[in-house]
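In: Return atomic coordinates for the entry below.
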Amino acid sequence: MIFVFLFVIASTLPSFASFIVHHPKEAENPKNDSTSFSFAIHEFMHLSRKEKRERLHATKSVIKDFKSERKAGNAPSTNQLLLIILAIILPPLAVYLHEGVINNKFWLDLLLTLLFFLPGVIYALIVVLGKS
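Out: Residues are numbered from 1 along each chain as shown. Down below sits the predicted model:
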């Protein structure tokens, strides 16, 4: 999100764009690499006003949608993926991190993991993927 704002600022202020791009020759002829920041600035600077407005409007709508999803709790979470990986490696720790406290689910998973590792992993995955 920070990069989006930097991109918008850099595209609207040519002096700021020259500040970010250290070499003026590189700004005139940027690498034809679509991941290059200077290429993106160069491409945006050479759009028409209408195209710039459309892109800024699209960017603002994407940011607005992301914020509304995050407020609703529907934002994709990287924590879920990390908890799944951790549930396979260390099941009781994944249950503890998911629950936030040491409760009956943690103790049951610890017991299952100590007795037989696979039931502990299965139970941890059920707890982590289940609705809280």
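In: Please parse this protein into its domains.
Out: Taking automatic domain parsing as the domain assignment, the record places the domains of the chain at 2-72, 78-129.
In: quick one: which helix or strand includes Val62?
Out: Under the criterion of DSSP states H and E, Val62 resides in helix 49-72.
In: Can you spell out which helices and strands pack onto that helix?
Out: Helix 49-72 is packed against helix 2-12, with contacts defined by 3 or more C-beta pairs under 8 Å, 6 or more residues apart in numbering; DSSP states H and E. Where C-beta positions appear, they are placed from N, C-alpha and C, glycine not excepted.
In: mind redoing it with 6 Å?
Out: The contact analysis (3 or more C-beta pairs under 6 Å, 6 or more residues apart in numbering; DSSP states H and E) places helix 49-72 against no helix or strand.
In: Please name every helix or strand in contact with whatever helix or strand comes next after it.
Out: Sequence-wise, the next helix or strand downstream of helix 49-72 (DSSP H and E) is helix 78-89. For helix 78-89, the packing partners by 3+ C-beta pairs under 6 Å, 6+ apart come out as helix 91-99, helix 117-129.
In: Can you add mean pLDDT, mean neighbour count and distance to Ser68 and give the ones you listed back as a markdown table?
Out: Converted to a markdown table, those look like this (pLDDT from 0 to 100; neighbours: other C-beta atoms under 10 Å; distance: least, C-beta to C-beta, whole Å):
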| stretch | mean pLDDT | mean neighbour count | distance to Ser68 |
| --- | --- | --- | --- |
| helix 91-99 | 92 | 21 | 25 |
| helix 117-129 | 93 | 17 | 25 |
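In: Right, I'll leave it there.
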